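Student: Generate a structure from the sequence data that follows.
(one chain, ligands or ions: 1)
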Amino acid sequence: MSKGKLIVFEGIDGCGKTTQAKKLLAHFQAKGVQATLYREPGATQVGEEIRNILLAKKDFQGGLGAHAEFLLFAAARAELARLILKPQLEQGTTVILDRFALSSIVYQGFARGVDIEFIKMVNHTVTAGTHPDKIFLLDIDPKIGMSRFEGSSDRIEQKGLDFFEKVRQGYLKVANSGSCVISLIDGASGIEEVFEQVLSNLP
Ligand code: TYD
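Tutor: Coordinates of the predicted model:
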């Protein structure tokens with residue numbers, strides 16, 4: 001059996017990637033393609049527990065240091081790779097992810113200053129050979145992204161415009177560094193326009 005494809009959606013908070021990930025899952029299901037969708041952080045039992053810490057509504061006393069934050073994301077990622085990605089991809093399932101390793105490079109690396117080589121090394125180790133076949137990067141002005149936040153903001157959404165500008169620039173830097181896996185899409189266009197671009201760039 002051939003290996004399944006790993007398709008990842010990335011972008012700043014409010015870029016619309018969750019909507020696109022769900023549409024892609026429905027598209028595959030309608031075509032009878034075996035496909036699943038998971039979010040990061042989360043997906044496994046431990047991953048969801050870690051998510052509760054990372055996305056708490058109230059910041060911790062003394063905050064959460066950038067290294068601790070990254071290592072928690074990495075721990076959730078390790079469990080996702082071990083329990084879900086590896087077995088499903090080996091079985092031939094197409095796995096869609098709402099965020100993956102690149103989120104740590106831009107949020108904890110570019111925006112919070114954790115050494116990017118260190119992040120790449122840990123990501124490489126914990127994902128154990130599961131590489132995205134495609135990353136759809138939805139680019140959007142952070143002001144538009146932030147205007148789409150719903151309900152009370154989590155710890156990361158509370159970080160403000162400057163932070164999301166850094167995240168956006170980090171994503172664009174990686175996208176412009178020549179990676180052929182990344183498709184850069186204008187997230188400000190309509191849901192259907194974005195989805196057409198997704199469909200025409202499937203791996
Ligand atoms: P979530 O509510 O899923 O937001 P979104 O719909 O924007 O993905 O929260 C995930 C948050 O965690 C989001 O603010 C990005 C952040 N994050 C990191 O900072 N580093 C990471 O490695 C990952 C996976 C997420």
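Student: Low-confidence ranges, this structure, go.
Tutor: 1-2 (pLDDT under 70).
Student: can you list the residues of it near the ligand?
Tutor: Counting by C-beta under 6 Å from any ligand atom, the chain comes close to the ligand at 13, 18, 39-41, 55, 73, 98-99, 103-104, 107-108, 156. The way it works is simple: take the backbone N, C-alpha and C, and place the C-beta from them, glycine included.
Student: Recalculate using a threshold of 8 Å.
Tutor: Applying C-beta under 8 Å from any ligand atom, we find that the chain lies next to the ligand at 11-15, 17-18, 39-42, 51, 54-55, 69-70, 73-74, 76-77, 98-101, 103-104, 106-108, 111, 154, 156-157.
Student: Give the buried subset of those residues as a PyMOL selection command.
Tutor: PyMOL command restricting these to the buried ones, with burial defined by 16 or more other C-beta atoms under 10 Å:
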select buried, resi 11+12+13+14+15+17+39+40+41+42+51+54+69+70+73+74+76+77+98+99+100+101+103+104+106+107+108+111+154+156+157
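Student: show me where this protein has helices.
Tutor: 17-30, 45-54, 66-80, 86-91, 101-104, 116-127, 142-147, 161-175, 191-200 (DSSP state H).
Student: Nearest to residue 135, out of those?
Tutor: helix 101-104 (6.3 Å; C-beta to C-beta).
Student: Spatially nearest residue to the spatially most central residue of the chain (excluding sequence neighbours)?
Tutor: Centroid-nearest residue in the chain, with C-alpha atoms, centre = their mean: residue 99, separated by 1.2 Å. The shortest distance from residue 99 to any residue other than its chain neighbours is 4.1 Å, reached at residue 40 (C-beta to C-beta, 6 or more residues apart in numbering).
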